[in-house]
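Undergrad: Sequence first, predicted model second:
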Amino acid sequence: MDSKRILLVVLVLALTAVPPATALPTEQSESPCGGTKEYKVVDREERFNLHIIYLVGFLEEDNRVCVEVKNKGEIEYPGEFGLWVDGDGFSPEMPDLESGESKSVSRDVTKYLDTTQDNHSVRVVVSGQRFTFNFTHHLNASSPEIPTPYVSDVRVVRSSDSTELVSTVHNPGERAYALHVRTETFETDNEFEIGAPQPGNSSDFKFKLDEDPDDVIAGKVMVYNDTGQPEGKFDQKEFIAKPNETANAWDDHFEQVPGGTVESDYNNETARQYREGYVDDEALSPLERRAGAALIVLTLIGAVLWRRAA
């Protein structure tokens with residue numbers, strides 16, 4: 001008698017077990033990504049009239065993830081899925097689905113990509129099933145069109161016995177980076193801090209300088225991802241500041257991040273002459289300096305031609 005009861009319990013548990021979710025390729029006609037291959041996940045539990053179908057696709061040409069959720073059951077269901085881009089997780093919004101309702105989410109993941117690497121990975125998790133899409137996409141981290149951290153402000157703070165540089169770094173993108181922020185001046189070598197301003201936020205990085213409070217201070221500020229990593233260049237600015245005035249800063253071409261054979265001492269002959277001579281002219285950006293030099297050359301050529309004509 002006891003053995004019959006045990007067998008009955010086993011049969012009941014087997015009949016009421018939840019079927020596992022499945023991941024299968026499906027037809028391309030219903031793809032919210034416009035014809036890309038999709039994968040189908042079925043989440044079903046008959047005891048609760050639950051029947052959810054997920055269609056997952058990735059359009060590599062547009063860096064676009066598409067997830068469509070169909071509620072074939074008889075109860076309201078909170079459609080949801082997990083999304084990871086280059087290791088960082090995000091939470092796409094998906095509204096609750098009424099019985100018989102379908103919803104789609106199409107997300108361009110370009111602004112979430114790690115710009116310091118060319119090989120990328122997008123992972124989508126739905127109902128316990130995991131889909132990973134690997135692809136190659138190069139992004140120029142130092143391009144102003146790419147939403148990467150940049151120096152938004154440079155200030156020199158002077159007291160009676162000390163001088164400090166404050167560099168504000170803004171992160172306009174959708175992911176955080178472990179930033180190295182470094183400053184070099186004529187008197188200060190290789191002062192740096194590490195931080196990570198969150199997406200959409202700014203952080204101040206402060207550096208104690210070796211210059212005296214009444215000095216003209218000239219140097220540069222660099223923002224990059226890691227030492228010696230050429231793909232991690234974000235922004236570089238040069239600056240010059242007179243006593244009792246704000247710093248004048250301009251964009252500078254970021255050739256190479258510190259590390260290896262990179263020269264660590266700040267060197268700008270125009271800024272050096274300006275600093276040592278302390279003239280009243282405004283600080284000149286590299287473009288303005290080149291334009292000024294060209295104007296001087298043209299003036300000299302014109303004078304020589306005028307003398308020959310005379």
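TA: Nice, I can see it. Numbering: from 1, shown residues only.
Undergrad: how long is stretch 92-110 end to end?
TA: 15 Å (C-alpha to C-alpha, to the nearest Å).
Undergrad: List the buried residues in that stretch.
TA: By 16 or more other C-beta atoms under 10 Å, the buried positions in stretch 92-110 come out as Leu97, Ser104, Val105, Ser106, Arg107, Val109, Thr110. Every C-beta, even on glycine, is put in place using the N, C-alpha and C of the backbone.
Undergrad: Same question for stretch 173-187.
TA: Gly173, Glu174, Arg175, Tyr177, Leu179, His180, Val181, Arg182, Thr183, Glu184, Thr185, Phe186.
Undergrad: What about these, which are in strands?
TA: Leu179, His180, Val181, Arg182, Thr183, Glu184, Thr185 (DSSP state E).
Undergrad: Contact partners for the closest residue to Phe90 other than its chain neighbours?
TA: Nearest residue to Phe90 in three dimensions, chain neighbours excluded: Leu83, at 4.9 Å (C-beta to C-beta, 6 or more residues apart in numbering). With contacts defined as C-beta atoms under 8 Å, 6 or more residues apart in numbering, Leu83 is in contact with Val65, Gly89, Phe90, Ser91, Pro92, Arg107, Val109, Val122, Arg123, Val124, Val125.
Undergrad: Of those, which is the most crowded?
TA: Val65 (27 neighbours; other C-beta atoms under 10 Å).
Undergrad: In this model Val126 seems to touch that residue, though I could be wrong.
TA: No - counting by C-beta atoms under 8 Å, Val65 does not reach Val126; the two are 11.3 Å apart.
Undergrad: what bridges to Asp251?
TA: Residues in a beta bridge with Asp251, per DSSP bridges, are Lys237.
Undergrad: pLDDT at it, what is it?
TA: Asp251 is assigned a predicted lDDT (pLDDT) of 89.
Undergrad: same check, this time on the one 4 residues further on
TA: Here, the pLDDT recorded for Glu255 equals 80.
Undergrad: how many neighbours does it have?
TA: Neighbour number of Glu255 under other C-beta under 10 Å is 10.
Undergrad: ok, now Gly128?
TA: Count around Gly128 with other C-beta under 10 Å applied: 10.
Undergrad: cool, the one 4 residues further on as well?
TA: Look at Thr132: counted by other C-beta under 10 Å, it has 11 neighbours.
Undergrad: Contact partners for it?
TA: Ser121, Val122, Arg123.
Undergrad: Next secondary structure element downstream of the helix or strand hosting the second one?
TA: Which is Val122. Assessed by DSSP states H and E, Val122 sits inside strand 119-126. As assigned by DSSP H and E, the chain's next helix or strand after strand 119-126 is strand 129-136.
Undergrad: Where do the strands of the stretch 101-250 of the chain begin and end?
TA: With DSSP state E, counting those that start in this stretch as the criterion, the stretch 101-250 of the chain has strands at 102-108, 119-126, 129-136, 150-158, 163-170, 179-185, 191-195, 202-209, 217-224, 233-241, 248-251.
Undergrad: chain center to stretch 47-58: distance?
TA: Chain-centre distance of stretch 47-58: 33 Å, with C-alpha atoms, centre = their mean, to the nearest Å.
Undergrad: Report the backbone C-alpha coordinates of that stretch in PDB.
TA: Output in PDB follows, covering the C-alpha atoms of stretch 47-58 (Å, rounded to 0.1, in the frame of the first residue of the first chain):
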ATOM      1  CA  ARG A  47      -1.100  25.700 -13.800                       C
ATOM      2  CA  PHE A  48      -1.100  29.500 -13.900                       C
ATOM      3  CA  ASN A  49      -2.200  30.000 -17.500                       C
ATOM      4  CA  LEU A  50       1.200  31.500 -18.200                       C
ATOM      5  CA  HIS A  51       2.400  31.500 -21.800                       C
ATOM      6  CA  ILE A  52       5.000  34.000 -22.800                       C
ATOM      7  CA  ILE A  53       7.000  34.100 -26.100                       C
ATOM      8  CA  TYR A  54      10.200  36.100 -26.500                       C
ATOM      9  CA  LEU A  55      11.800  36.900 -29.900                       C
ATOM     10  CA  VAL A  56      15.400  38.000 -29.500                       C
ATOM     11  CA  GLY A  57      17.500  39.500 -32.300                       C
ATOM     12  CA  PHE A  58      20.600  41.600 -33.000                       C
END
